[in-house]
Every structure is written in structure tokens, then in C-alpha cells.
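*Asks:* Sequence isn't available, so here's the structure alone:
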């Protein structure tokens, strides 16, 4: 039985500033079928409002409470633990952390900082860790599909460097953290075993979802997907399909079979 759907964004719904062909219609099919949908993104170069505006331009209407991002999870963590952020993030994400500088206790927050990653900024973050700061990873992704269509280094390599130098394990707040999946599913009252995740990253989207207890996880051959990705990580995808349209067809067929 499938009672809820989690959809990745970059590489699944859109590719750069263009919608993946058929994506808008595919999301509409899920809504028409009465399936609750949540959008879960590890994108850390844009704030939530910017992502919502991009989706709107592409014809995908998403309410703020239907979109879940690591930056939002990090803000909640900082408030809950009374920490001020030392930010190593992209300039486009800075506004997500406004008003959180009241505590003397620190946490280093690392996202895909792009050109902000350099020796000076990494060393400053390292010194915060030496001073007792926690290390928060918005996402541990290895790569992302860049604007030139090729893969580029994502934040994961820089998180690993800080873990190594600071001798401290990062607290991961986005995918593949089980808490991220579970918090999202809690908003639609969906048991993990009845949920399906659709993503283009075999490691964080697919294997992460299955390790978190989701019943199904589909890998699409769009976005960052490269031939053979379905065999590179465990658990393997429930199925590998061409794109979001094929994924929705798979979901609806099996939902119908369960009735």
C-alpha cells in the first residue's frame, strides 16, 4: 500500500531553470489521485522562498509547509539547542539564519557554499570546532549537477574534511538522515512502510530513504543520475525508471493494485 509520496526537486522536478519534461503533469496526477505529496530537497544554495518561487514559475504550486529543506531543519535545531550559527554556506542561504546570533554557544553550519569554500573559511570553521562548536551538515551529498551539465563537488567532501580535522562527527540534518524523512512523513500522517521516495541520487535519496524505513524508493534516470548508479549503493532502489512521469505511473499502478 502506498499512502504518501516524497519527491526530490533538483534533477527530478526541475533541471536548472527548466522543468523536467512531464514533471508538472506528473505532480498533478498524484494530486488528482488523492495522494499526499511532500517535496524534500537537499538544495542549499537557495533559501526556501526562492525555491518556492522557482516551482511557481514552472507551474508547480507548492505551499510552504509542503516543502522541507535542510536549512529549515538546521534553524529548528539551533533554536532547540540554544546555539548561534557559524555559517559556512552559500550567500543565497544566509537569510534562513537571520536572528539566531543570541547565544554564545556555537554550531558550525555547512552547506554547499560554492566559491565561499576556501582555506580561510574552512580554517575559521575548524577553529570553531576546536573551541567546542557542534558540526551541522545541511547535506552530505558527494556531487550535484552543475549549470554546465557536468557533476561538481557538493558539500559532502568539505564536511568530511572538517570531521577529519576537527575529530568530530557531523550531525546531518537533510537527506539521508532518518529524522528528516520521518519529520516530513509525520506531516501527512503516513507510516514509513507506506511511503515512496523518488530521487535522482542513489545514495542520499534512495538508499537513505530505504534505510530510514520507507517502503519504496525509486531512482530516476534524470538529473545527476549516471549509468550504473542503481548498483553502487545499498539498499538498491525498489525500481529504476526513466523520469518522474514513469515514477508516477509506477506509483499509481501499485496503489491501484493494493486496493
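*Replies:* Sure thing, it's come through. Since the model is a prediction, treat every value here as computed from it, not as a measurement.

*Asks:* List the contacts of residue 206.
*Replies:* Listed by Cβ atoms under 8 Å, 6 or more residues apart in numbering, the contact set of residue 206 reads 197, 199, 217-219, 233, 235-237. Placement of C-beta: from N, CA and C, glycine included.

*Asks:* By neighbour count, which of these wins?
*Replies:* residue 199 (32 neighbours; other Cβ atoms under 10 Å).

*Asks:* any idea how far residue 150 is from it?
*Replies:* Residue 199 sits at a distance of 19 Å from residue 150 (criterion: Cβ to Cβ, to the nearest Å).

*Asks:* show me where this protein has strands.
*Replies:* For the chain, applying DSSP state E gives strands covering 4-7, 14-15, 18-19, 37-40, 67-68, 84-88, 106-110, 134-137, 143-145, 151-153, 171-172, 195-199, 216-220, 239-241.

*Asks:* how deep is residue 168 tucked in, by neighbour count?
*Replies:* 17.

*Asks:* Tell me which residues touch it, please.
*Replies:* 129, 134-135, 162.

*Asks:* run the last query once more with 6 Å
*Replies:* Contact partners of residue 168, counting by Cβ atoms under 6 Å, 6 or more residues apart in numbering, are 129, 135.

*Asks:* quick one, longest helix in this structure?
*Replies:* helix 244-257 (DSSP state H).

*Asks:* now that one, how far from the chain's geometric center?
*Replies:* 22 Å (Cα atoms, centre = their mean, to the nearest Å).

*Asks:* Please apply the same query to stretch 156-170.
*Replies:* Distance, centroid of stretch 156-170 to centroid of chain: 19 Å (Cα atoms, centre = their mean).

*Asks:* so what's the residue lying closest to residue 224 once chain neighbours are set aside scoring on pLDDT?
*Replies:* Using Cβ to Cβ, 6 or more residues apart in numbering and skipping the chain neighbours, the partner closest in space to residue 224 is residue 145 (4.5 Å). Residue 145 carries a pLDDT value of 92.

*Asks:* Test my guess that residue 145 contacts residue 225.
*Replies:* No - the criterion here is Cβ atoms under 6 Å, and residue 145 misses it with residue 225 at 9.0 Å.

*Asks:* which residues does the residue sitting nearest the centre point of the chain contact?
*Replies:* Closest residue to the average C-alpha location of the chain: residue 42 at 2.4 Å, with Cα atoms, centre = their mean. With contacts defined as Cβ under 6 Å, 6+ apart, the neighbours of residue 42 are 139, 141, 174-175.

*Asks:* 8 Å instead, please
*Replies:* By Cβ under 8 Å, 6+ apart, the neighbours of residue 42 are 8, 70, 138-139, 141, 174-175, 201, 204.

*Asks:* Do I have it right that the residue nearest to residue 224 meets residue 12?
*Replies:* No - using Cβ atoms under 8 Å, residue 145 makes no contact with residue 12, being 11.3 Å away.

*Asks:* Among these two, which residue is more densely surrounded?
*Replies:* Shown here are residue 145 and residue 12; by other Cβ under 10 Å, residue 12 has more neighbours (27 against 20).

*Asks:* residue contacts, the more buried one?
*Replies:* Neighbour list for residue 12: 20, 23, 198-200, 220, 222-223, 244 [criterion: Cβ under 8 Å, 6+ apart].

*Asks:* Same check on residue 64?
*Replies:* 48, 52.

*Asks:* buried set for the lowest-mean-pLDDT helix or strand in the chain?
*Replies:* Scoring the helices and strands of the chain by mean pLDDT, DSSP states H and E places helix 244-257 at the bottom, with a mean of 89. Of the residues in helix 244-257, 244-248, 250-252, 255 count as buried by neighbour count, 16 or more other Cβ atoms under 10 Å.
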